[in-house]
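> A predicted structure for the sequence below; I have some questions about it.
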Amino acid sequence: MFKRLTLLWTVVRGDARQLWFALRHPAAPAWLKWGTALIALYLISPIDLIPDAIPFVGALDDLVLVPMAIRWLLKRLPPELSRATSARR
């Protein structure tokens, strides 16, 4: 179980780093900046799909939806921007 969590953390950290490099790239599209801002807003917002007052399930939606949203944004990057950001990894 711990090995799987470590692998998941490595993947999420790599995706977050690639998203950071894509945001800082001069050719970054505006929709990428807006999408990242919405993800950050969802993460810090007190309004969630599942309230955080429910002990385990409340945090689970953040742990699942945020990495999925980051991966969704990265899959929609233009090919030249995707290559440029993955080379910096």
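In hand now; what should we look at?

> Name the nearest residue to the residue nearest the centre of the chain, ignoring sequence neighbours.
Most central in the chain under CA atoms, centre = their mean is residue 70, positioned 2.7 Å from the mean C-alpha point. Closest residue to residue 70 apart from its sequence neighbours, by CB to CB, 6 or more residues apart in numbering: residue 15 at 5.0 Å. Backbone N, C-alpha and C define where each C-beta goes, glycine included.

> Figure out the helix or strand that that neighbour lives in.
Element membership of residue 15, judged by DSSP states H and E, is helix 2-24.

> Can you tell me what sits against that helix?
With contacts defined as CB atoms under 8 Å, 6 or more residues apart in numbering, helix 2-24 is touched by 28, 32-33, 36, 67, 70-71, 73-74, 77, 81-82, 84-86, 88-89.

> Are any of those residues buried, and if so which?
28, 32, 36, 67, 70, 73-74, 77, 81, 84-85 (16 or more other CB atoms under 10 Å).

> so which two of those residues are the farthest from each other?
Pairwise distances among those were taken by CB to CB; the largest, 22.0 Å, belongs to 67 and 84.

> Endpoint to endpoint, stretch 50-63 covers what distance?
Distance between the two ends of stretch 50-63: 12 Å, counting by CA to CA, to the nearest Å.

> Figure out how far that stretch is from the centre of its chain.
Chain-centre distance of stretch 50-63: 18 Å, with CA atoms, centre = their mean, to the nearest Å.
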